[in-house]
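K.L.:
return atomic coordinates for the entry below.
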Amino acid sequence: MTKAENITDLTGRVAVVIGGASGLGRAIAVGLARSGAHVVASGRREQLVEEVRAEIEACGRETLRQTVDVSERASIDALCDAAAGHSARNAISGSVFAARRAGSQQAASATAISNKATPM
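P.N.:
Numbers count the residues shown, from 1 in each chain. Modelled structure (predicted):
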């Protein structure tokens, strides 16, 4: 089966879900992991981030425990750097980083996201 035939197979991809520690974001993060993606589900509350990390790892996927505060640009940059560094160390090639925040979605490389001049 080619990749075009199975568009739900996300094996070898990395998704960064901002707001992925609770609610709809958590459901998206876990769904991506079940579809084969390695997922970094981030949020402000460390306990919730830890809980979703365990759920993602139970799906057999890699993840990071990374909190983020979207009101602080440095926090977003740290998240992008951590995710990019982790995927580089683990030789995950062709990765797509998708960031979800407050009902919007943006797909780009981690470098493009972190180099944006305006806050996400």
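K.L.:
same for the longest helix out of those in the chain, what does it pack against?
P.N.:
Counting by DSSP state H, the longest helix found in the chain is helix 73-89. Helices and strands touching helix 73-89, by 3 or more Cβ pairs under 8 Å, 6 or more residues apart in numbering; DSSP states H and E, are strand 14-18, strand 38-42, strand 97-101, helix 110-114. Placement of C-beta: from N, CA and C, glycine included.
K.L.:
next, the angle from it to strand 14-18.
P.N.:
160 degrees (axes from the mean of the first three to the mean of the last three Cα atoms, to 10 degrees).
K.L.:
list the buried residues for helix 73-89?
P.N.:
Across helix 73-89, burial judged by 16 or more other Cβ atoms under 10 Å covers Ser75, Ile76, Ala78, Leu79, Cys80, Ala82, Ala83, Ala84, His86, Ser87.
K.L.:
now the residues you listed as CSV including distance to Leu24?
P.N.:
Converted to CSV, these look like this (distance: Cβ to Cβ, whole Å):
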residue, distance to Leu24
Ser75, 21
Ile76, 19
Ala78, 24
Leu79, 19
Cys80, 22
Ala82, 23
Ala83, 20
Ala84, 25
His86, 24
Ser87, 24
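K.L.:
give the contact list for the residue nearest to Ala41 when sequence neighbours are not counted.
P.N.:
Of all residues beyond its chain neighbours, the one nearest Ala41 is Gly20 (3.1 Å), with distances taken as Cβ to Cβ, 6 or more residues apart in numbering. Shown in contact with Gly20 (Cβ atoms under 8 Å, 6 or more residues apart in numbering): Arg26, Ile28, Ala29, Val39, Val40, Ala41, Ser42, Gly43, Val52, Arg100.
K.L.:
do you know how far Gly20 is from Gln47?
P.N.:
14 Å (Cβ to Cβ, to the nearest Å).
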